[in-house]
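> got a sequence here, can you model it:
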Amino acid sequence: MDWQPDEQGLQQVLQLLKDSQSPNTATQRIVQDKLKQLNQFPDFNNYLIFVLTRLKSEDEPTRSLSGLILKNNVKAHYQSFPPPVADFIKQECLNNIGDASSLIRATIGILITTIASKGELQMWPELLPQLCNLLNSEDYNTCEGAFGALQKICEDSSELLDSDALNRPLNIMIPKFLQFFKHCSPKIRSHAIACVNQFIMDRAQALMDNIDTFIEHLFALAVDDDPEVRKNVCRALVMLLEVRIDRLIPHMHSIIQYMLQRTQDHDENVALEACEFWLTLAEQPICKEVLASHLVQLIPILVNGMKYSEIDIILLKGDVEEDEAVPDSEQDIKPRFHKSRTVTLPHEAERPDGSEDAEDDDDDDALSDWNLRKCSAAALDVLANVFREELLPHLLPLLKGLLFHPEWVVKESGILVLGAIAEGCMQGMVPYLPELIPHLIQCLSDKKALVRSIACWTLSRYAHWVVSQPPDMHLKPLMTELLKRILDGNKRVQEAACSAFATLEEEACTELVPYLSYILDTLVFAFGKYQHKNLLILYDAIGTLADSVGHHLNQPEYIQKLMPPLIQKWNELKDEDKDLFPLLECLSSVATALQSGFLPYCEPVYQRCVTLVQKTLAQAMMYTQHPEQYEAPDKDFMIVALDLLSGLAEGLGGHVEQLVARSNIMTLLFQCMQDSMPEVRQSSFALLGDLTKACFIHVKPCIAEFMPILGTNLNPEFISVCNNATWAIGEICMQMGAEMQPYVQMVLNNLVEIINRPNTPKTLLENTAITIGRLGYVCPQEVAPMLQQFIRPWCTSLRNIRDNEEKDSAFRGICMMIGVNPGGVVQDFIFFCDAVASWVSPKDDLRDMFYKILHGFKDQVGEENWQQFSEQFPPLLKERLAAFYGVSVCVVGGVAGERAASRSRRALVEGG
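You can find the predicted model right below:
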């Protein structure tokens, strides 16, 4: 006899389900408390499944809600369900998967997959066979319900289904699913494709064995009447393009023709799936070869897809021009993640990399859902990077019509097109930019807000070119108009203008100095105008300005404009407010730029940062000791505070000494350096390095405790932590001098290992080379014996670094080590010559050191051997060595040169 409910209990549960649908928050609270009480009774879950599966007289929403509450209980504590309850629930699910209501079938499907994901696939061996069996049912509802449940299981447990743990059920399931591709019901066809699609990316063996049948069946469904079926066919082809392109190549022409049609499908979901095809194809090596002849059809389709749809315009309130007085709702504001500080070195011919392009799709951010417009724009962007200028003959005729179109929606899409191709087609666009940029600047004052905002974004994509022209040509008019847009009455335009201005700042750097007063007036005015979300972007624009113009900001009139509103915000925000993150980042840049100009503001800022670190550490400790009583702290507060302290130490230099003296920052730093979270350690080591430079008097007493921690963090698994620890060790060397000797062995082996590791990021290699050089500078006797193990990668790492203090000390170190162990450099002497030649203007005494080593080597091996050895040098290296160090170099033949080189190595070792 199966379980039966008590009538009174059943009524109580039904009343609770009715109450939980009430919009009243007080009622909701009572419902939550009651649910907690009822969950103490094991058979409460029996009542819930009973309402879902047996009470057909109740309305569907109540029955479905009963199932969803049960699903949450399963998720939270299925392990503690008594076996009879668990068995009753499982039996009821399987018996009622064919309920007449599609809502109830879907709810039971969700419940089944939730139970299955609790490790029950192994403990419920009859589930998959029974569901597969039910697919054969003559009753549509049963077949559809079983398929719905199977689809959810395939989504949630695809890896497990393809494993030995379950005896590989896919071997039966995949051929079974394929049979249903021809079913008369579109819903069933759609389920069948969706099930198989779950196994494409993982290349499940059972699917690979049936791959040709699968592709054949897909082609047969290509022109299905049902949009859901067409969508799943497109999705399958996009994934196959990534994992089994070999099977698609013979049919590629037809597939491309098909996708061209589907990208224009009247159902936008189908068009979006099809549009993904072009994004994926662009990443394949065969893209150019197979797509070139279709560009003439594809480009107009993508361009057409870049127009806002009517629904987009409604969602974006496209007809609302002024909304700056409307407060933001909290869900408008995306969570921000702080990027911890990483120490890097300046390079030759440095310009910003393309990293700002990571946010390129922010042209319509509030529609953060992926849609056809965004996908079409992204596809055009990647194809522009594949085809470069070859794209333009297909685009330019269209562009002219779009950019000057009387309908704003069409004109707006043309401006988006121009932005999307900026990176890939830049070279080919240059001849047209003198005419286009003024037109875009004009569009910044269009009467439609959405046109103004997209013009901001597109202009930011051409900022590099704008800055390369004489400033009065385009930079000045662009800056003037962008600053007006920063004060636009529309929030979306404010946001786009602020972001674009930050990009312009990065590109223009000190070109902006003459206009600083005007820029600051605008940014400060925006403080009083902006709502919450845009305020966060404004902080970024101010921080980027400080990074870009540096010490030029340190003028009393600029400080007077900028600091009061920043400090006012700083005082308004509580310690728990996450808006502190962007404000602290901004202040960190400002403090670094203002240097001594920040002094009047530094004390309260410094104290608060120390407090934030202290509070977070205390919270973390309480959480570790009593996890059931306390919440884990958000360590971002501590990370951002450490980074601002770094900014203060870097900006104020020696002036920070008194602040450090009056605080317990060194004790806190000792704890932060040992934190379990890599980002905390990363920021701690950056601060340690900055404090070492600014006020070593307070760091020195802690060195004995700090050095072992630094040594254990020389682990390239955590690149940024390792990088900052390495840099800090180098700074400590320069302060400690010969007293560094007891600590050399703690760090040297790890550093040598890092510099010889394949695929180590450039920044880490450079910092490692600098630190090895500095260690050798202060303790040459200890480091020189290992010279041969690191000299080659050391030289290649530092040849591209600009002349600066760090490079100077590192090269002095290498020269001193060569003095101690000349044999260590012999085999790689050509690399040393090349590294020396990378100097533009070394200090006189360093040039002398280079001169002595080069001439010493040459004299040691004799003129003839030297000439033969130097025959290997590239022409430019020969010229530089002759010009700067008077090392004459001439050319001799190949094999003789090699022999001479090995003789010269021997001679230097013997002579050394």
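
> Thr53 touches Gly98, doesn't it?
No - contact criterion C-beta atoms under 8 Å: Thr53 and Gly98 do not qualify, at 11.0 Å. For glycine as for every other residue, the C-beta is placed from the backbone atoms N, C-alpha and C.

> which one of the two has more residues nearby?
Thr53 (23 against 19; other C-beta atoms under 10 Å).

> need phi/psi at the nearest residue to that one once chain neighbours are set aside.
In space, and not counting its chain neighbours, Thr53 is closest to Asn96: 4.0 Å by C-beta to C-beta, 6 or more residues apart in numbering. The phi/psi pair for Asn96 (degrees, to the nearest 10) reads phi -120, psi 20.

> cool, and Ile801?
The phi/psi pair for Ile801 (degrees, to the nearest 10) reads phi -80, psi 140.

> show me what contacts the residue nearest to Thr53?
Listed by C-beta atoms under 8 Å, 6 or more residues apart in numbering, the contact set of Asn96 reads 52-54, 104, 108.

> turn those into CSV, including secondary structure and distance to Ile115.
Output for these, formatted as CSV (DSSP: H, G, I helix; E, B strand; the rest coil; distance: C-beta to C-beta, whole Å):
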residue, secondary structure, distance to Ile115
Leu52, helix, 13
Thr53, helix, 14
Arg54, coil, 18
Ile104, helix, 17
Ile108, helix, 11
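
> report the buried members of the residues you listed.
In the contacts of Asn96, burial by neighbour count holds for 52-53, 104, 108, counting by 16 or more other C-beta atoms under 10 Å.

> switch the contacts of Asn96 over to a markdown table; also include distance to Ala26 and pLDDT.
Below are these laid out as a markdown table (distance: C-beta to C-beta, whole Å; pLDDT from 0 to 100):
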| residue | distance to Ala26 | pLDDT |
| --- | --- | --- |
| Leu52 | 27 | 87 |
| Thr53 | 32 | 90 |
| Arg54 | 32 | 89 |
| Ile104 | 30 | 91 |
| Ile108 | 32 | 90 |
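
> which one of those residues is nearest to Pro5?
Taking C-beta to C-beta as the measure, Pro5 lies nearest Arg54 of these, at 8.9 Å.

> ok, that closest one to Leu127 distance?
21 Å (C-beta to C-beta, to the nearest Å).

> try Gln12
Gln12 sits 32 Å away from Leu127, going by C-beta to C-beta.

> where does this structure have low pLDDT?
Counting by pLDDT under 70, the ranges of the chain that qualify are 1, 120, 318-319, 330-341, 345-368, 889-912.

> the stretch 201-350 of the chain: helices as residue ranges?
Assigned by DSSP state H, counting those that start in this stretch, the helices in the stretch 201-350 of the chain fall at 205-209, 211-220, 227-243, 245-248, 252-262, 268-282, 287-291, 295-305, 310-315.

> isn't Trp408 right up against Leu450?
Yes - proximity of Trp408 to Leu450 meets the contact threshold set by C-beta under 8 Å, at 7.4 Å.

> residue contacts, the nearest residue to Arg63 once chain neighbours are set aside?
Among residues not flanking Arg63 along the chain, Leu52 sits closest, at 5.3 Å (C-beta to C-beta, 6+ apart). Residues near Leu52 by C-beta under 8 Å, 6+ apart: 63-64, 66-67, 70, 92, 96, 104, 107-108, 111.
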